[in-house]
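Asker: fold the stuff below for me.
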Amino acid sequence: MEKVYIGLGSNLADPPAQVETGLRALAQLPRTRLAARSRPYRSMPWGRTDQPTFVNAVARLDTGLEPRELLGQLLAIERRAGREREGARWGPRVLDLDILLYGDCCIDEPGLRVPHPHLHERAFVLVPLAEIAPDLDIPGHGRVADLLARIDASACAPFVVDARVAE
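Answerer: Residues are numbered from 1 along each chain as shown. The predicted model follows:
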């Protein structure tokens, strides 16, 4: 079983519910156990800022799935959630699932790069990742907690449901 970290994000169609649906789907993957999950975080869009804010989280899986097999499963979860990949890069999405780390593997193939190439510079990944694995080493970059200390994470905060809206 490999320790795998998955980034989840959504900014369309009830983002908190989409992230929760994604987490439940990860827990149902074959030969896989959902070992840890961060709480959800609200974050500003990255790359293209003319879109709604995101809700993000990170999950740790213990899995017997090979990297390509896992990627196929993640893409299937995204499709079931209504994700269409024809849109603009870094654009709005119903659900986005990214393999951040797959054990100690370094993979650089078309369609699959692990560790995720921008992991070390994105607060919306590092903040929830630091919640569940602050001492995790990102190959070539260092410890999650140290990476987080080097960036501005002010635009990433725990997602809180407004009690007035929830009533």
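Asker: can you give me the helices for this structure?
Answerer: Secondary structure of the chain (DSSP state H): helices located at 15-27, 67-81, 123-132, 144-149, 163-166.
Asker: ok, residues contacting the second one?
Answerer: With contact meaning C-beta atoms under 8 Å, 6 or more residues apart in numbering, helix 67-81 is reached by 4, 6, 18, 21-22, 25-26, 29-30, 63, 65, 85, 94-99, 102, 105, 107, 111-112, 114. From N, CA and C alone the C-beta is placed, and that goes for glycine too.
Asker: roughly how far apart are residue 75 and residue 139?
Answerer: To residue 139, residue 75 is 24 Å away according to C-beta to C-beta, to the nearest Å.
Asker: for residue 2, give me its contacts.
Answerer: 62, 63, 64, 102, 103, 105.
Asker: now the strands: where do they sit in this structure?
Answerer: 2-10, 32-37, 41-43, 54-63, 96-102, 107-109, 112-114, 137-138, 142-143, 156-158 (DSSP state E).
Asker: make JSON lines from these and add distance to residue 128 to it.
Answerer: Below are those laid out as JSON lines (distance: least, C-beta to C-beta, whole Å):
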{"stretch": "strand 2-10", "distance to residue 128": "8"}
{"stretch": "strand 32-37", "distance to residue 128": "9"}
{"stretch": "strand 41-43", "distance to residue 128": "5"}
{"stretch": "strand 54-63", "distance to residue 128": "4"}
{"stretch": "strand 96-102", "distance to residue 128": "10"}
{"stretch": "strand 107-109", "distance to residue 128": "22"}
{"stretch": "strand 112-114", "distance to residue 128": "18"}
{"stretch": "strand 137-138", "distance to residue 128": "14"}
{"stretch": "strand 142-143", "distance to residue 128": "16"}
{"stretch": "strand 156-158", "distance to residue 128": "8"}
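Asker: isn't residue 138 up against residue 120?
Answerer: Yes. The pair residue 138 / residue 120 is scored as a contact, 5.7 Å apart, by C-beta atoms under 8 Å.
Asker: need the overlap of contacts for those two.
Answerer: residue 147.
Asker: ok so, going back, deepest-packed of the helices of the chain, please.
Answerer: Highest mean neighbour count of the helices of the chain: helix 123-132, a mean of 23 (counted as mean count of other C-beta atoms under 10 Å).
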